Every structure is written in C-alpha cells, then in structure tokens.
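**Student:** here are the coordinates; sequence isn't available:
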C-alpha cells in the first residue's frame, strides 16, 4: 500500500513545531525545553505536537534529516568547480557551517548529547548512521581524482579521517566566540591545507614508516585494535 503524502497543512504544522522547538533549544537549552513548551510556542495542542514528534529526540532527528536533505544541492553546487583536495575539503565544510549558522545555538545546546556516542542524537551513534554514511560518501567523492595519488593502504580509511576532521572543525565552530567565528574560518583554511599537504607527503617512500604508525592510530580510532 503506498504511503500517502503529507498534506500542505500537515507539513506546515510539522514545520511550525520544528521551528518552535529549535528556538526553545537555542534560547533555553535542550534539557530545559519541554514538549508542552514547544506546543505552546508553535500554537498547537500538546497532543498535536506529540502526534508529529513523539519526543524531543524525534524533533532533533527530524532537524538532522531535514538539514542533510537540504544541504545536498548546496554541496553539489559548491563542489562543482572546486579543484584539488584542499579546496574541495574547505568548500564541503564551509557549506555546512553556513547552513547551520542560524542554528549554531541549537548545536551548542546539543553538545553534551553529541559527545556521548551512545546517545541517539550523537553524530557517532547508530541512530545517525544513515546521515553519517551520506557524509562519508561526500568525503569519498572529494578524494576521487583530487590530484593526489593516495596510497592504497590509506585509501579506504581517508573518508573517515576527513569526516573526523570535519567534526573537529564543527565542534570548534560551535564554541568559537570570536566575531563571526573568524578563528574557525582560519582554522578551516589552515587545516584543509595541512591535510592536503600531509596526504601528498604520504605518497613518498621515505614516509612509509610514519604512514604505518598513522594507520595504527586510525585503526585504534575505528575500533580495530587487532
């Protein structure tokens, strides 16, 4: 049986609840906001809020999914003319920072949950794996034909390494109180350059012992300690 498409009214109500919730998370914190508060701010009955979103976690997950979907064409456009790994990496992360800028306070409110990989809202959790896999696919794309001959032992691990680099930049951006988060943008510029240069150096025979150590570190982070 085909799934019926939500009506425009239902979509509008769902979006109003989501927008109200994000505003409360940003202003009062995730833990302080209640579903009843969200319903009042959205101008709907509490039952209606629970109908669309059974919990605050469900609201945040919807925010993640909606953000992921809306960013896809933006990423495609930004990377269309980006040549070389350094520029591609910088552009990919820049698009995400610009997209999330209006809700930077929301991400800040979710930091405690995000740091716990067992929490369903953590970017490291099993619940967010589908979104993470889409992200990893983008990092795989920017590595393809990037002008660097990536060593075969490093190649399968690099999308994950770049994803962790992205998460470090985003974390720094969330807590960065410099005007316009200028420190983060400088960090992104320099970090992208360093990542590209290190990957270039990894192709040299002299760096093989260092590459072996780097692979051991990567495997530890990935959970493979064998």
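**Tutor:** Received, thanks. Just so we're clear, the structure is a prediction, and the values are computed from it rather than from any experiment. Numbers count the residues shown, from 1 in each chain.
**Student:** what packs against the one helix or strand in the chain whose mean pLDDT sits lowest?
**Tutor:** None of the helices or strands of the chain scores lower by mean pLDDT, DSSP states H and E than helix 111-114, at a mean of 84. Here helix 111-114 touches helix 158-175, going by 3 or more C-beta pairs under 8 Å, 6 or more residues apart in numbering; DSSP states H and E. No exception for glycine: its C-beta is placed from N, CA and C like everyone else's.
**Student:** what element comes up after the helix it packs on heading to the C-terminus?
**Tutor:** helix 182-201 (DSSP states H and E).
**Student:** which parts of the helix or strand hosting residue 24 are buried?
**Tutor:** For residue 24, the host element (DSSP H and E) is helix 8-28. For helix 8-28, the neighbour count (16 or more other C-beta atoms under 10 Å) marks 13, 14, 16, 17, 18, 20, 21, 22, 23, 24, 25, 26 as buried.
**Student:** just stretch 104-121 next, same as before
**Tutor:** So, applying 16+ other C-beta under 10 Å, buried residues of stretch 104-121: 104, 106, 107, 108, 109, 110, 113, 114, 119, 121.
**Student:** same question for stretch 68-84.
**Tutor:** Neighbour-count burial for stretch 68-84 flags 68, 71, 75, 78, 79, 82 (criterion: 16+ other C-beta under 10 Å).
**Student:** got a list of what the first one touches?
**Tutor:** Under the criterion of C-beta atoms under 8 Å, 6 or more residues apart in numbering, the contact partners of residue 68 comprise 131, 134.
**Student:** now it: how far from residue 196?
**Tutor:** According to C-beta to C-beta, to the nearest Å, residue 68 stands 25 Å off from residue 196.
**Student:** try residue 204
**Tutor:** In terms of C-beta to C-beta, residue 204 sits 14 Å off from residue 196.
**Student:** cool, residue 85 as well?
**Tutor:** According to C-beta to C-beta, residue 85 and residue 196 sit 5 Å apart.
**Student:** which stretches of this protein have low pLDDT?
**Tutor:** Along the chain, the model assigns pLDDT under 70 to residues 1-5, 224-226.
**Student:** hmm, try it at 80
**Tutor:** For the chain, applying pLDDT under 80 flags the ranges 1-6, 223-226.
**Student:** the helix or strand that contains residue 40 packs against which elements?
**Tutor:** Assigned by DSSP H and E, residue 40 falls within helix 35-42. The contact analysis (3+ C-beta pairs under 8 Å, 6+ apart) places helix 35-42 against helix 8-28, helix 46-52, helix 56-79.
**Student:** closest one to residue 166 among these?
**Tutor:** Nearest to residue 166 among those is helix 56-79 (12.1 Å), distances taken as C-beta to C-beta.
**Student:** please compute how far the helix or strand following that closest one lies from its chain's middle.
**Tutor:** As assigned by DSSP H and E, the chain's next helix or strand after helix 56-79 is helix 85-100. For helix 85-100, the gap between its own C-alpha mean and the chain's C-alpha mean amounts to 11 Å (C-alpha atoms, centre = their mean, to the nearest Å).
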